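Chemist: take a look and give me a structure for this.
(one chain, ligands or ions: 2)
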Amino acid sequence: MHGKDRKPLAVIEEGAMILRGWALADAEPILFGVEQGLLQSGLRQMLTPGGKKMSVAMSNCGAWGWVSDRRGYRYVSKDPETGQPWPEIPAALFRIAQTAAAKAGFAHFIPDACLVNVYVPGARMSLHQDKDEQDMEAPIVSVSLGLPATFLFGGAERRDPVKRIDVEHGDVLVWGGPARLRYHGIAPIKMGDHPLLGARRMNLTLRKAR
Ligand code: SIN
Ligand code: FE2
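Modeler: Numbering: from 1, shown residues only. Ligands and ions are numbered 1, 2, ... in the order given. The predicted structure follows:
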């Protein structure tokens, strides 16, 4: 799972798989669609419930958007900054999420939420579980674009050992079933220059929130 081992398909554990390059051919239409949405609902650094500003800049597309502030984490149908619904999930992204989920063994995945995470060098995401969704049957599908990153894939408990998985532009991670509530995070992004995204990494996390 590390370093130069770039097998197109690798099982991380039961229910969790990395599909390397799965989104590569569609990266440009996906990026274009997401950036269109960001013109409407822009990126923002949200506050943790403890009041700290996250290093990752976020927005959403889809019927439901994940937000964090002093009141906690939750899904909302309108962008609190604009009062308007979140932009739609770009068709190319929806399709990639569905085909990746199916390939990983989760047929008929219908995401209704896509969190857009944008990292600059030094930005990171600490270990957490995705547990604000109502439907734990549906998997999480996570598309990486731009600068490479080290995805930290942990266990059922925060203290469990963590696997370090290199994720590059076009890679898709899927986790669900017995792996649905795994702790995960992103190590600090290293400086770099990506042809499409410059010194940024974009992650698109598709979920079924409701
Ligand atoms: C997340 O867990 O929300 C983000 C993971 C990633 O950036 O790959
Ligand atoms: Fe997450």
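Chemist: neighbours around the residue of the chain found nearest ligand 1, how many?
Modeler: Evaluated by C-beta to the nearest ligand atom, the chain has N203 as its residue closest to ligand 1, separated by 3.2 Å. Where C-beta positions appear, they are placed from N, C-alpha and C, glycine not excepted. Using other C-beta atoms under 10 Å, N203 has 22 other residues around it.
Chemist: so it makes contact with S144?
Modeler: Yes. With the criterion set as C-beta atoms under 8 Å, N203 and S144 qualify as a contacting pair; they are 5.6 Å apart.
Chemist: who are the contact partners of the residue of the chain closest to ligand 1?
Modeler: Applying C-beta atoms under 8 Å, 6 or more residues apart in numbering, one finds that N203 lies in contact with L115, V116, N117, V118, Y119, S142, V143, S144, L145, A149, I186.
Chemist: look at it and report its pLDDT.
Modeler: With respect to pLDDT, N203 has a value of 99.
Chemist: and it, what helix or strand is that in?
Modeler: With the criterion set as DSSP states H and E, the secondary-structure element containing N203 is strand 201-207.
Chemist: where are the low-confidence patches of the chain?
Modeler: 1-4 (pLDDT under 70).
Chemist: residues from it in reach of ligand 1?
Modeler: The chain comes close to ligand 1 at residues L115, N117, M125, S142, S144, F151, H184, I186, N203, T205, as judged by C-beta under 6 Å from any ligand atom.
Chemist: neighbours of the residue lying closest to the third one once chain neighbours are set aside, just the number please.
Modeler: Put plainly, it is M125. Residue nearest to M125 in three dimensions, not counting chain neighbours: I186, with 4.3 Å by C-beta to C-beta, 6 or more residues apart in numbering. Other residues within reach of I186 by the criterion other C-beta under 10 Å amount to 22.
Chemist: what about the helices in this structure?
Modeler: Across the chain, reading from the start of the chain, the helices by DSSP state H fall at 27-40, 91-103.
Chemist: deepest of those helices, which one?
Modeler: Scoring the helices of the chain by mean neighbour count under mean count of other C-beta atoms under 10 Å gives helix 91-103 as the most buried, with a mean of 20.
Chemist: just give the number of residues close to A10.
Modeler: Residue neighbour count, defined by other C-beta under 10 Å, stands at 14 for A10.
Chemist: wait, I meant N60
Modeler: For N60, the number of neighbouring residues by other C-beta under 10 Å comes to 23.
Chemist: looking at the sheet around it, what are its partners?
Modeler: In this structure, N60 bridges to L115 when assessed by DSSP bridges.
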